[in-house]
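Novice: Got a sequence here, can you build the structure:
(one chain, ligands or ions: 2)
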Amino acid sequence: MRRTLLFPVILASASTLLMLAAWRGDAQRGNPPGGGGPPPPPVPRPLPDLTPDQLTAFRAGAKEFTTVETRADGLGVVFNGVACAECHRAGGAGGAGMDLTVSRVSRIGGIRKGVYSDLAELGGPVIQARSLREFFPDCPVPGEIVPPSADFKSHRITTPLFGAGLIEAIPDAAILSRSGKVGVDGVQGVANRVLNPETGLLEVGRFGWKAQHSSLHLFAGDAYLNEMGVSSPSFPVENQPQGKPIPPGWGGIGVESDGTDVNLFTDFMRFLGAPLPARNDSVQQAGARLFDQIHCSACHVPTMQTGSNSVAALSHKNVALYSDLLLHRMGPALADGIQQGQSKGDQWRTAPLWGLSSRQFFLHDGRARTPDEAVLLHDGEAAPSRNRYRSLSPPDRRALQQWLSSL
Ligand code: HEC
Ligand code: HEC
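Specialist: Numbers count the residues shown, from 1 in each chain. Ligands and ions are numbered 1, 2, ... in the order given. Reported below is the predicted structural model:
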């Protein structure tokens, strides 16, 4: 509520009105989203203490993040969204998804000859459900469908990006210091090691539901390709829609973006302010205490620290993310079978809990509509903690819920 109340105030700002006009203008010129899409979300606060140059980069990044891409920019031929902010919008540009039909995407995988496969030959790993046919009726390629022969199908909701630069600035060593160690309740998180094609190195993953990427720049390039169908230097090859070649004239030839856009997306996300929790009153303090007492904090580690960083606003800061950024086995009901990096089918990154107040859907596929439902669906390593949660007295459970909703 707190942050949604800000909405009308920000909406009234001149820059937002200009952006609204631009978004609609695009539509009128025959570009997506075709007039029917929602207006772009307002630009939220950047990190405090940015230099003037960093603020300029943040603003330029925000503009690119909310810009609707067109066929001329490389959009499609198949895609899931026309702008980053079409999915990332709850609580402002960069937020979680608001409309599951757009912002929840499907990922597929399978076992072929005994080996895990992304099923590129069927259009995997990410299904792009929309196509340029939405705007150009003569487009020969329809949106992709989940192929029946995929062994694993996973829905993924859009995660929020507020404070993402701070998460990126946490040193690998801080994440690795907990990896593989057995903690209370036998909880044992492990770091995901993922290949970074930009450095050629195996790095500690930290972004995405399975901690499948190590950097914001990498995730931005991946999202540009896999959600919007725009290729760029680190992701130069478009997926073949449903595994079939792209017909001539509909994209797929050459690298569509020179990387400028990906750098701009990265600046925006890196400098985006962290969620601001509501001020603690006594009920909420009780909630925080209970969270620790029933060992939610075994995985949802309340704070981590960034290391020294060339950006002063990211250097030696407290990050109140409520995550250890490690993978945990969460039981068969949450498992999706998908492997990303070294993650297995039942492993998930401890979801950061900051910013829960601006969220509408919870857990990787959005199956929970409240934090309470999300906790009750915890299993596997989290079963002892979930059982204690279930056994809390009603006032204690309410206090914990109120506190979660204030983050
Ligand atoms: C069609 C909806 C959609 C669009 C468009 C989209 N995203 Fe996302 N984004 C998602 C989903 C879904 C996830 C979670 C993916 C996962 O982990 O499986 C995500 C996750 C992310 C993350 C990881 C954050 C975290 O929690 O660790 C980053 C970074 C990101 N997106 C950046 C971008 C950028 C930059 C763009 C534009 C180039 C973009 N996204 C466009 C849906 C979208
Ligand atoms: C063993 C580690 C572990 C423990 C213990 C644990 N969690 Fe989680 N939590 C996770 C993981 C992993 C996810 C993401 C699971 C998924 O999306 O399928 C998650 C997700 C959540 C979510 C949903 C967040 C989102 O972004 O959708 C909430 C809320 C939550 N946990 C609260 C709690 C509370 C409260 C407790 C204590 C009763 C707790 N968790 C204990 C690992 C843990």
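Novice: residues from the stretch 1-150 of the chain in reach of ligand 1?
Specialist: Contact residues, the stretch 1-150 of the chain versus ligand 1 (C-beta under 6 Å from any ligand atom): 80-81, 84, 86-88, 103, 105. (Each C-beta comes from the backbone N, C-alpha and C, glycine too.)
Novice: So which of these sit within helices?
Specialist: 84, 86-87, 103 (DSSP state H).
Novice: Reformat the residues you listed as TSV; add distance to Gly259 and neighbour count.
Specialist: Below are those laid out as TSV (distance: C-beta to C-beta, whole Å; neighbours: other C-beta atoms under 10 Å):
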residue	distance to Gly259	neighbour count
Cys84	16	28
Glu86	22	28
Cys87	22	25
Ser103	25	23
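Novice: Save the residues you listed as TSV, and put in pLDDT too.
Specialist: Formatted as TSV, these follow (pLDDT from 0 to 100):
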residue	pLDDT
Cys84	97
Glu86	96
Cys87	96
Ser103	95
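Novice: and which of the residues you listed is nearest Phe235?
Specialist: Cys84 (14.7 Å; C-beta to C-beta).
Novice: pretty sure Met330 is in contact with His378, am I right?
Specialist: Yes: with contacts counted by C-beta atoms under 8 Å, Met330 reaches His378, the gap being 6.7 Å.
Novice: backbone phi and psi for the residue sitting nearest the centre point of the chain, please?
Specialist: Nearest to the mean C-alpha position of the chain, counting by C-alpha atoms, centre = their mean, stands Thr159 at 3.1 Å. Dihedral pair for Thr159: phi -90, psi 150, per degrees, to the nearest 10.
Novice: Do a quick rundown of the strands in the chain.
Specialist: For the chain, strands defined by DSSP state E occupy the ranges 78-79, 104-112, 115-117, 126-127, 130-131, 152-157, 193-196, 201-204, 304-305, 318-319, 327-329, 347-349.
Novice: Quickly compare those strands and say which is most buried.
Specialist: Mean neighbours per residue, mean count of other C-beta atoms under 10 Å, is largest over the strands of the chain for strand 78-79, with a mean of 28.
Novice: Excluding covalently adjacent residues, which one is nearest to Cys299?
Specialist: In space, and not counting its chain neighbours, Cys299 is closest to Thr350: 4.3 Å by C-beta to C-beta, 6 or more residues apart in numbering.
Novice: Could you list the low-confidence segments of the stretch 151-300 of the chain?
Specialist: When residues are selected by pLDDT under 70, none of them lie in the stretch 151-300 of the chain.
Novice: is it true that the residue nearest to the centre of the chain touches Gly94?
Specialist: No: using C-beta under 8 Å, Thr159 is not in contact with Gly94; the gap is 10.2 Å.
Novice: quick one: contacts for Met269?
Specialist: By C-beta atoms under 8 Å, 6 or more residues apart in numbering, the contact set of Met269 is 61, 65, 94, 161, 164-165, 216, 220.
Novice: how about these in JSON lines, adding neighbour count and distance to Asp281?
Specialist: As requested, those are arranged in JSON lines below (neighbours: other C-beta atoms under 10 Å; distance: C-beta to C-beta, whole Å):
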{"residue": "Gly61", "neighbour count": "27", "distance to Asp281": "36"}
{"residue": "Phe65", "neighbour count": "26", "distance to Asp281": "35"}
{"residue": "Gly94", "neighbour count": "27", "distance to Asp281": "28"}
{"residue": "Leu161", "neighbour count": "25", "distance to Asp281": "29"}
{"residue": "Ala164", "neighbour count": "23", "distance to Asp281": "29"}
{"residue": "Gly165", "neighbour count": "28", "distance to Asp281": "30"}
{"residue": "Leu216", "neighbour count": "23", "distance to Asp281": "35"}
{"residue": "Ala220", "neighbour count": "29", "distance to Asp281": "38"}
